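Colleague: Sequence and predicted structure, then a few things I'm wondering about:
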Amino acid sequence: MSEKRNDCVRNSISFDLEHWHTATLLVDEVRDPIDRIVESTEIVLDLLDRHDVAATFFVVGDVADEYPWLINRIHELGHEIGSHGQTHRPLFDLSPSEFERELAESGAAIESVTGEFPMGVRLPNFSLTRRTQWGFEVLARSKYRYDSSVFPVKTPMYGVPGGPLRPYRVHPGRPFDSSAAVGSQRELLVESPLAVTNTMLRLPIGGGFYARVTPIRLFEWAVSRLNESSIPANLYFHPWEFNPSVPVSEPKFHKRAVSFAGIERLADKVERLLTTFEFGPVSELIRAELGQDVFDEPRPRTNHEVSKGTSHH
């Protein structure tokens, strides 16, 4: 096993825990899907255990309701549990009131299993963009402390071109400007963007299709380049992307290619990354960047807050 590089920089690794057939490109394409969530998650847990790495799992609330024992197992193994919405609907398809309800219900679903309201949230399909930046206003009055949904490069489906590359406190009026929030302001929501290359022409490497098709040497070079500039890499994956049993022939060719290309090689690729670089949960990356006390002060509550005892059913 090779010696890990850039020990002074702590990167983060996270997994969006959803049913594979609820992915945006597949949700309307697959009939009678086979449930693979348990076996896929076990593949990832074994991989993380071999490298003694704690990760963040952003869990769909419906999955927490359906598989409480699985979420509890992930939590008891020392991994951070965050929200991935209640129904895996992207923000593009929600009204502000629906989004507020999704945040509250998914948080309550996770809290009912782990005993803790999640600190972090990631929106399905990285749907927090300039078009939906009103979502920050809803997040700011929620119980969540950080978001990790900003993809700081434009892609065909999402993205914020020119967005910040590292964690920052979100100014309500300028949510994609990392210099807008000055001073400590620990009560502000924190954003932890996904990894892209810090090159003149930014390239997405954070995860999903981009990670699956990026050659491992290019992937290692990209993470090294970020780390050499003292920028942590915030990587994400989906447990179903590690399971060669998942791909099916139903979706149209282009949707099938984007959804499944590289699945058979991803586990080996991530194994090498875990061998080479230091990783931890997203909340630890934020603490390393913004201070260990970044989450210590309680955030202001508003009349919009859903009480801790509200049912998520």
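Modeller: Okay, I see it.
Colleague: Distance-wise, check residue 135 relative to residue 223.
Modeller: Counting by Cβ to Cβ, to the nearest Å, the separation of residue 135 from residue 223 is 28 Å. For every residue, glycine as well, the C-beta is placed using N, CA and C.
Colleague: So which of these two has more stuff around it?
Modeller: residue 223 (25 against 22; other Cβ atoms under 10 Å).
Colleague: Am I right that residue 82 is in a strand?
Modeller: Yes. Secondary structure assignment places residue 82 in a strand (DSSP: H, G, I helix; E, B strand; the rest coil).
Colleague: Contacts for the longest helix along the chain, please.
Modeller: Secondary structure of the chain per DSSP state H: the longest helix is helix 96-114. Helix 96-114 is contacted from outside by 59-62, 64-65, 68, 71-72, 75, 81-87, 89, 91, 94, 116-118, 121, 134-135, 137-139, 142-144, 304, 306, 308, 310-312, using Cβ atoms under 8 Å, 6 or more residues apart in numbering.
Colleague: and residue 131, that one's in a helix?
Modeller: Yes. Assigned with three-state DSSP, residue 131 falls within a helix.
Colleague: That one and residue 91: what is the separation?
Modeller: Relative to residue 91, residue 131 is positioned 9 Å away (criterion: Cβ to Cβ).
Colleague: Mind checking which of those two has more residues around it?
Modeller: With neighbours defined as other Cβ under 10 Å, residue 131 and residue 91 compare such that residue 91 has more, 26 against 12.
Colleague: Name all residues that make contact with residue 274.
Modeller: Applying Cβ under 8 Å, 6+ apart, the residues near residue 274 are 13, 47, 48, 51, 53.
Colleague: Mind pulling up the pLDDT for the nearest residue to residue 226 once chain neighbours are set aside?
Modeller: On the basis of Cβ to Cβ, 6 or more residues apart in numbering, the spatially nearest residue to residue 226 that is not a chain neighbour turns out to be residue 233, at 5.0 Å. According to the predicted model, the pLDDT of residue 233 comes to 96.
Colleague: Buried residues in the helix or strand harbouring residue 274, which are they?
Modeller: Per DSSP states H and E: residue 274 is located in helix 263-276. Of the residues in helix 263-276, those buried under the neighbour-count criterion (16 or more other Cβ atoms under 10 Å) are 263, 266, 267, 269, 270, 273, 274, 276.
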